[in-house]
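Enquirer: any chance you could fold what I've pasted below:
(2 chains)
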Protein chains: 2
Amino acid sequence: MSDIKIKPRLPKGMRDYLPQEMLKREYVFGVVRDVFHLFGFEPLQTPVLELNEILMGKYGEDAEKLIYQAQHPGGKEELALRYDLTVPLARVVGQYQNEINLPFKRYQLSPVWRAERPQRGRYREFYQCDADIVGIGEMSADAEIIGVVVTALKKLGFPQFNVKINNRKLLTAIGQYSGVSDAQLGDLYRSVDKFDKIGADGVRKELVERGIDTDVVARMMDLIIAHEPGLGNLDVLEQAMGSIPAAEEGIRELRELAAYLEDSLISPEDYSVDFTMVRGLGYYTGPIFETVIEEPNLGSISGGGRYDDLIGLFRKESLPTTGTSLGIERIIDLMDLFELYPAHISGTVIQAFVTVFDESTRRESTKLAAELRGQGINVEMQLEDRKLGKQFQHADRRGIPLVAVLGPEEVTQGIVKLKRLSDGEEVTVPRAEAAAKISDLLS
Amino acid sequence: MSDIKIKPRLPKGMRDYLPQEMLKREYVFGVVRDVFHLFGFEPLQTPVLELNEILMGKYGEDAEKLIYQAQHPGGKEELALRYDLTVPLARVVGQYQNEINLPFKRYQLSPVWRAERPQRGRYREFYQCDADIVGIGEMSADAEIIGVVVTALKKLGFPQFNVKINNRKLLTAIGQYSGVSDAQLGDLYRSVDKFDKIGADGVRKELVERGIDTDVVARMMDLIIAHEPGLGNLDVLEQAMGSIPAAEEGIRELRELAAYLEDSLISPEDYSVDFTMVRGLGYYTGPIFETVIEEPNLGSISGGGRYDDLIGLFRKESLPTTGTSLGIERIIDLMDLFELYPAHISGTVIQAFVTVFDESTRRESTKLAAELRGQGINVEMQLEDRKLGKQFQHADRRGIPLVAVLGPEEVTQGIVKLKRLSDGEEVTVPRAEAAAKISDLLS
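Expert: As a prediction, the model looks like this:
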């Protein structure tokens, strides 16, 4: 081939996952998938490229600047790389009305692309992990969404987290009750959304700067930061503004949701009602959820809520829908921080390294490798001519836990020497028993 | 949200995978992954988008027309969606020289994009499934590549297949020996590549039309179609042209390969030497492989070979490399044709459907679902108000094998009624034993 050398490099903000990293990612993906299955969610996959017309106009102007456009020479379709998994879900529900049984409970674990400014922990290709329930307006569905998040985080071993619950109806009602004009509701959400970053005083200051009366701001903030334990916040709100229809409806929904959570055996310690949690401006219409790690303050690791109108963009009548997105890239990072990976996710899938003593024994070593694989042991075998010491070094450097040696004497006697590298434990067994012994030594 | 309706549709040649299809795909992916692990291959993942300069110039002009270009507003990089997984592998090996231990045995199971004319069974987004060994020039590596293919196809249950083996060195030598000019070697490969489609006479005719002497064509075809069983073809070739260095080397390589296959316990019935198998014109430098299903004639389901020069494009010195690509989309289609999916891949992951007798028992049904999930049973639970008969209908239509009923009486007595839908088998068990009983009924 040509002698021209090309500098091997990646596009900005993109990553390769080398095997060690991949094994960790796949462990997390596997646990999450199992939990989705426990709750009856099933896998869906949509293509990476969507028609432009499907994506555009759904995310807001700023977001649209981050969408990658695509085309091929001579292609007439305007294509784009998906920006999230929610709009594709809505398209699917509109497109396959006759094939999909409601409720449609699907999950999707797939990459999305956003041309954001790359920085530590923020990439331009990253995985999203969504679970949604389409076709149920009852709070039983929202409770399952919260249940799946709590169960997944517990199975992954997260020692502490808090699902914050709010309701878009309440935010609207609080604004109206306090005297915020409809035109300023957007400003209100945007400022309250920063509560975690700039605190109550910061939000107050910003709202006043946006031209909202000091009185109005004070009244609103009083309601928003009523931090009672458990559902206590709802009582405070009901007393103050229970007669406003949006407030009444929002409070009733959250009380029903809490009852379902209790019946679903979700501990009240794992969630709280928090009126400062806003979840952007998007398509939410009812309860919203966000899971945070508070001690240490590591921010949000899942978010979601009810969006009953979105699917109506792609079919005659909309369908009530609620769902969540696990912050799977965040979760993968935190697994390392909290050291939550089990011991067997040790950097390699290989269980045993079959050495080659010298060229005279290569045939027998090759056979041994085949025998072990036939019995379900993941084997790397020495493929080229190399000194035995180097072979041990290689196995050790790769983190392979066990080495099998088959010298001329072992071949004659029909035995194998097995050495566990972690502690040097060495045993000699008949070849026929080698696979079982390896499983023993690794358990 | 807006009232404008958008017609939900897909880009040309792209697919959604609804859950039933996804479960089948994931079964195949899972079996293949397990086999890769048995052979010590580990997962790698590269991003969907590569820099244009990495992909271009590697596939030939016709192929390049099929590559999707991508960019985002304001982006300066020229990007493209990956066309295969081999060039990204070569880039990775060049880029992470200090992090990768040789031999580097990786697999990648990922989508690629080619804007080909869509037709039955050919899509513009499809999965490739590659396993490669970088850093080993010995035939032991090629034997592992063939071993992994044979093992994967057997584990998937394919009743019959044949790995055709050839060597690019032999093809060159046969051409030279027969008197084909170097300039015409390309034409030779292209015509022989059609052997399966147009037969020996078709190839002869085409070669003569391309201006190769009838004598030369006859001599060459005699060698190419020497169909001896097993390695017999190699003996024929050696007698005729063993003194040509390229022939001598190619024959030696294939004999070594066959010896390794024997030691690897690969049955000689599963492979054959076939000089008519060419595998395009790409980057192959040594042994090449292609797996076909011959009865019925269903064409190729894997292909690969040795390409010792490609990685040199991205680093100072190349590294010997051999690998294979399983035709995973083809294989998934054929699994249906041969009915190879095991019974438990039945269209749903859900094991039990928890009904709600009436609203008075909803709390207890919700708890039962949580209890069963806590014990590892995949449960779908009735989320909205609906008549019991409809609930059974829904479970049946979804293919859920088992339904749990909890009426007021069962609640009082602390029992659950379980009904297996396939045969109507019905049992009543204490709630605490429900999970174990469900496992029983489903085994």
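Enquirer: please tell me how far the spatially closest residue to residue A:55 that is not a sequence neighbour sits from residue A:109.
Expert: In this structure, residue A:55 finds its nearest non-sequential neighbour in residue A:80, 5.1 Å apart by Cβ to Cβ, 6 or more residues apart in numbering or on different chains. Heads up, the C-betas are built off the backbone N, CA and C, glycines and all. Going from residue A:80 to residue A:109 by Cβ to Cβ, to the nearest Å gives 21 Å.
Enquirer: by mean pLDDT, which helix or strand of chain A comes out lowest?
Expert: Ranked by mean pLDDT, DSSP states H and E, the weakest helix or strand in chain A is helix A:185-192, scoring a mean of 85.
Enquirer: how far away from the center of its chain is it?
Expert: 27 Å (Cα atoms, centre = their mean, to the nearest Å).
Enquirer: residues in contact with the helix or strand hosting residue A:93?
Expert: In this structure, residue A:93 sits in helix A:86-95 according to DSSP states H and E. For helix A:86-95, contacts defined as Cβ atoms under 8 Å, 6 or more residues apart in numbering or on different chains pick out A:44, A:46, A:50, A:54-55, A:58-59, A:82, A:100, A:104, A:106, A:108, A:130, A:132, A:134, A:283, A:307, A:310-311, A:313-315, A:319, A:321, A:323, A:325, B:8-10, B:16, B:18.
Enquirer: mind checking which of these are in helices?
Expert: A:54, A:55 (DSSP state H).
Enquirer: can you say which of the contacts of helix A:86-95 are buried?
Expert: Buried by 16 or more other Cβ atoms under 10 Å in any protein chain shown: A:44, A:46, A:50, A:54-55, A:58-59, A:82, A:100, A:104, A:106, A:108, A:130, A:132, A:134, A:283, A:307, A:310-311, A:313-315, A:319, A:321, A:323, A:325, B:8, B:10, B:16, B:18, out of those.
Enquirer: which residues of the stretch 51-200 of chain A fall in strands?
Expert: Ranges of strands in the stretch 51-200 of chain A, per DSSP state E, counting those that start in this stretch, are A:69-71, A:79-81, A:104-113, A:125-134, A:162-167.
Enquirer: pLDDT (mean, whole number) over the helix holding residue A:93?
Expert: Averaging pLDDT along helix A:86-95 yields 97.
Enquirer: please apply the same query to stretch A:411-427.
Expert: 97.
Enquirer: does that stretch reach chain B?
Expert: No. Stretch A:411-427 is not in contact with chain B by Cβ under 8 Å from any Cβ of the partner chain; minimum separation 12.7 Å.
Enquirer: run through the bridge partners of residue A:430.
Expert: Listed by DSSP bridges, the beta-bridge partners for residue A:430 are residue A:415.
Enquirer: those strands in the stretch 301-443 of chain A, which residues are they?
Expert: So, for the stretch 301-443 of chain A - with DSSP E, counting those that start in this stretch - the strands run A:321-326, A:352-354, A:379-381, A:402-405, A:415-420, A:426-430.
Enquirer: give the buried residues for the last one.
Expert: Of the residues in strand A:426-430, those buried under the neighbour-count criterion (16+ other Cβ under 10 Å) are residue A:429.
Enquirer: same check on the fifth one?
Expert: Residues A:415, A:416, A:417, A:418, A:419, A:420 are the ones in strand A:415-420 that count as buried (16+ other Cβ under 10 Å).
Enquirer: just those now: which is nearest residue A:160?
Expert: residue A:420 (35.9 Å; Cβ to Cβ).
Enquirer: residue A:247 sits in which helix or strand?
Expert: Assigned by DSSP H and E, residue A:247 falls in helix A:245-263.
Enquirer: what angle do strand A:162-167 and that helix make with each other?
Expert: 150 degrees (axes from the mean of the first three to the mean of the last three Cα atoms, to 10 degrees).
Enquirer: contacts for helix A:245-263, please.
Expert: A:138-140, A:142-143, A:146-147, A:165, A:167-170, A:172-174, A:176-177, A:231, A:234, A:237-238, A:241-242, A:268, A:271, A:273, A:286-287, B:362-363, B:366-367, B:370.
Enquirer: and the gap between the closest residue to chain B within the stretch 251-400 of chain A and residue B:43?
Expert: Here the stretch 251-400 of chain A gets closest to chain B at one residue, residue A:380, 3.4 Å apart by Cβ to the nearest Cβ. Noted for residue A:380: a distance of 15 Å to residue B:43, by Cβ to Cβ.
Enquirer: and the angle for the least confident helix or strand of chain A with strand A:162-167?
Expert: Using the same axes, to 10 degrees: helix A:185-192 against strand A:162-167 is 170 degrees.
Enquirer: flag every buried residue along helix A:185-192.
Expert: A:185, A:187, A:188, A:189, A:191, A:192.
Enquirer: low pLDDT regions in the stretch 301-443 of chain A?
Expert: Within the stretch 301-443 of chain A, no stretch has pLDDT under 70.
Enquirer: can you list the residues of it near chain B?
Expert: A:309-310, A:312-316, A:348-350, A:362-363, A:366-367, A:369-371, A:373-374, A:376-381, A:383-385, A:394, A:397-398.
Enquirer: identify the residue nearest the geometric centre of chain A.
Expert: residue A:328 (2.4 Å; Cα atoms, centre = their mean).
Enquirer: ok, residues contacting stretch A:74-83?
Expert: Residues from elsewhere that reach stretch A:74-83 (Cβ under 8 Å, 6+ apart): A:46-53, A:55-56, A:59, A:63, A:66-71, A:88, A:110, A:112-114, B:11-12, B:48-49, B:65, B:68, B:70, B:115.
Enquirer: likewise stretch A:213-226?
Expert: A:174-175, A:177-180, A:188, A:192, A:195, A:200, A:203-204, A:207-208, A:232-233, A:236-237, A:240-241, A:275-276.
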